[in-house]
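S.K.: Okay, structure incoming, though there's no sequence with it:
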């Protein structure tokens, strides 16, 4: 009920005792009536006494409501005359009838943004299932150790843990990362070259922002990582798909298609998604091309800590003599997804502009989390954890291979699973991997089609199977279900 001339305003409305503060409920009701036109400008409102009586509230609450509405410009209060809806047309203008596009829920965005959105790939599920991509085994992380470290950091560092941090990263963590990469990944760097970030995606975005001019060609593996493509395209890069075979990216084909490309994005230690390794011959050819053309190499080393046959392969960055490589790594695969800490190793002359650009994006990585990871390194826990997880993932890899051999159809085979947290199941030539993925989804299986990672000519149809977050029992059950779907 709405009446004018100071009479009843909402006499038939029942307030919800569980709907939050009464003040807020009444304020919203009156504001909505003004915005949608039920209360016209100049309408006299009931006195606070009348409003309190009609709604069975205290007069103090009614006074607070009117005071807030007046402060925001919705009503005017005149001494001796009462309270009136403000005669300000702009109050109601945004809420008048909308044009058809807005009314239908369609919001216009730029064509460029629409194109980038199509490249963004699959959303990450909150709760993994068989065979969700690239998810670490959270259940195996040493949580008690982590809790103890974080509590100790709060006690030890006090106010420092709560303050804004260095955009380049927490010093002891940069030192720990540099030391680890030199010893374990063959990366040649100093702590000053390490920049700590919130994700590897942020590293890719910042690199594209700094190094790629609109319209410049950039090499991307095909099939390849959608996040890298989206980052490069978002900053105007013209994507040049370069095919991948058993020895990784076909560097000669990249040179043929775009010899003067500005940048090449590669996952050399464990190609995403096919799982191949870039051969030494092609690594050297890639470096020679970058040096000759003044191009950049963006090396994404996202999960190479977990190599099950032999030692992890050294990074391309360690072979670079001309400072053309930007090396990107992350802790989300090694520790746990929610840690949201990654890093980039940069040539010295890129560090300052990279940090400046990073400052404009989000300022810094949470200081307390960085302190925790630094202490995780200092206490020897990181090395122990990586070795333990390598054995755990090896066991799960073996369970996947055994289950695939036993239950998958004979014309479906796994590709090599030497490194990383996922495998690829190849389907017979001529199959539709998207249709197969849809059938698996109806059975509750997340088996992504490799064709969704493709830009150019379709390669052999296949499905992407992440296994690291699954127990051997869950892996076997998942493979049996996938077999029925196929």
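M.R.: That came through fine. Note that the structure is predicted; figures quoted are calculated from it, not measured.
S.K.: Where does pLDDT dip in the stretch 1-150 of the chain?
M.R.: Counting by pLDDT under 70, the ranges of the stretch 1-150 of the chain that qualify are 1-14, 88-107, 111-126.
S.K.: Tell me where it has strands.
M.R.: 44-45, 75-78, 82-85 (DSSP state E, counting those that start in this stretch).
S.K.: Provide the strand pairings for the last one, with the direction of each partner.
M.R.: I take that to be strand 82-85. In the sheet containing strand 82-85, the strands it pairs with under DSSP bridges are strand 44-45 (antiparallel), strand 75-78 (antiparallel).
S.K.: Distance from the chain centre to the shortest one, please.
M.R.: Per Cα atoms, centre = their mean, to the nearest Å, the displacement of strand 44-45 from the mean C-alpha position of its chain is 51 Å.
S.K.: How about the longest one?
M.R.: The gap between the average C-alpha position of strand 75-78 and the chain average comes to 49 Å, counting by Cα atoms, centre = their mean.
S.K.: Contacts for it next, please.
M.R.: 34, 45, 66, 69-70, 83-87 (Cβ atoms under 8 Å, 6 or more residues apart in numbering). Glycine gets a C-beta too; all of them are placed from N, C-alpha and C.
S.K.: Most neighbours out of these, which is it?
M.R.: Compared across these, residue 45 has the highest neighbour count, 25 neighbours, by other Cβ atoms under 10 Å.
S.K.: can you pull up the bridge partners for that residue?
M.R.: Under the criterion used (DSSP bridges), residue 45 bridges to residue 83.
S.K.: Same question for residue 244.
M.R.: Under the criterion DSSP bridges, residue 244 forms beta bridges with residue 249.
S.K.: and it, how many neighbours does it have?
M.R.: 23.
S.K.: Can you give the distance from whichever helix in the chain runs longest to the centre of its chain?
M.R.: For the chain, the helix with the greatest residue count under DSSP state H is helix 381-407. Taking the mean of its C-alpha atoms, helix 381-407 sits 25 Å from the chain's own mean (Cα atoms, centre = their mean).
S.K.: next SSE after that helix?
M.R.: Following helix 381-407 in sequence order, the next helix or strand is strand 413-414 (DSSP states H and E).
S.K.: what mean pLDDT would you report for that following strand?
M.R.: On average, the pLDDT along strand 413-414 is 94.
S.K.: Could you check how far residue 194 is from residue 407?
M.R.: 45 Å (Cβ to Cβ, to the nearest Å).
S.K.: out of these two, which sits in the busier spot?
M.R.: Per other Cβ under 10 Å, whichever of residue 194 and residue 407 has more neighbours is residue 194, with 25 against 17.
S.K.: hmm, who's touching the strand or helix carrying residue 424?
M.R.: In the assignment (DSSP H and E), residue 424 maps to strand 422-426. For strand 422-426, contacts defined as Cβ under 8 Å, 6+ apart pick out 131, 133-134, 273-275, 397, 400-401, 404, 408, 412-415, 417, 447, 450, 460-468, 482.
S.K.: Provide the strand pairings for that strand, with the direction of each partner.
M.R.: Checking strand 422-426 against DSSP bridges gives partners strand 413-414 (antiparallel), strand 462-466 (antiparallel).
S.K.: could the ones you listed go into a markdown table alongside distance to residue 78?
M.R.: Below are these laid out as a markdown table (distance: least, Cβ to Cβ, whole Å):
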| stretch | distance to residue 78 |
| --- | --- |
| strand 413-414 | 80 |
| strand 462-466 | 67 |
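S.K.: can you tell which of those is closest to residue 296?
M.R.: strand 462-466 (27.9 Å; Cβ to Cβ).
S.K.: quick one: contacts of that closest one?
M.R.: Against strand 462-466 from outside (Cβ under 8 Å, 6+ apart): 128, 131-135, 273-274, 400, 414-415, 421-427, 433, 436-437, 440, 446-450, 453, 482.
S.K.: swap in stretch 19-31?
M.R.: Applying Cβ under 8 Å, 6+ apart, the external contacts of stretch 19-31 come out as 9-10, 13, 15-16, 39, 45, 51, 55, 57, 61-62, 64-65, 68-69, 72, 74.
S.K.: can you tell me how far residue 408 sits from residue 423?
M.R.: Applying Cβ to Cβ to residue 408 and residue 423 gives a distance of 11 Å.
S.K.: Of these two, which one has the most company?
M.R.: Under the criterion of other Cβ under 10 Å, the comparison of residue 408 against residue 423 puts residue 423 first, with 22 against 18.
S.K.: ok so, going back, now the contacts of stretch 19-31: which count as buried?
M.R.: Among those, the ones that count as buried by 16 or more other Cβ atoms under 10 Å are 9-10, 39, 45, 51, 55, 57, 61-62, 64-65, 68-69, 74.
S.K.: Could you dump these into JSON lines with distance to residue 338 added?
M.R.: Shown next, in JSON lines, are the buried ones among the contacts of stretch 19-31 (distance: Cβ to Cβ, whole Å):
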{"residue": "9", "distance to residue 338": "48"}
{"residue": "10", "distance to residue 338": "45"}
{"residue": "39", "distance to residue 338": "47"}
{"residue": "45", "distance to residue 338": "49"}
{"residue": "51", "distance to residue 338": "48"}
{"residue": "55", "distance to residue 338": "45"}
{"residue": "57", "distance to residue 338": "44"}
{"residue": "61", "distance to residue 338": "42"}
{"residue": "62", "distance to residue 338": "46"}
{"residue": "64", "distance to residue 338": "40"}
{"residue": "65", "distance to residue 338": "41"}
{"residue": "68", "distance to residue 338": "38"}
{"residue": "69", "distance to residue 338": "42"}
{"residue": "74", "distance to residue 338": "42"}
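S.K.: Sort out for me which of those residues are in helices.
M.R.: Those of those lying in helices (DSSP H): 51, 55, 61-62, 64-65, 68-69.
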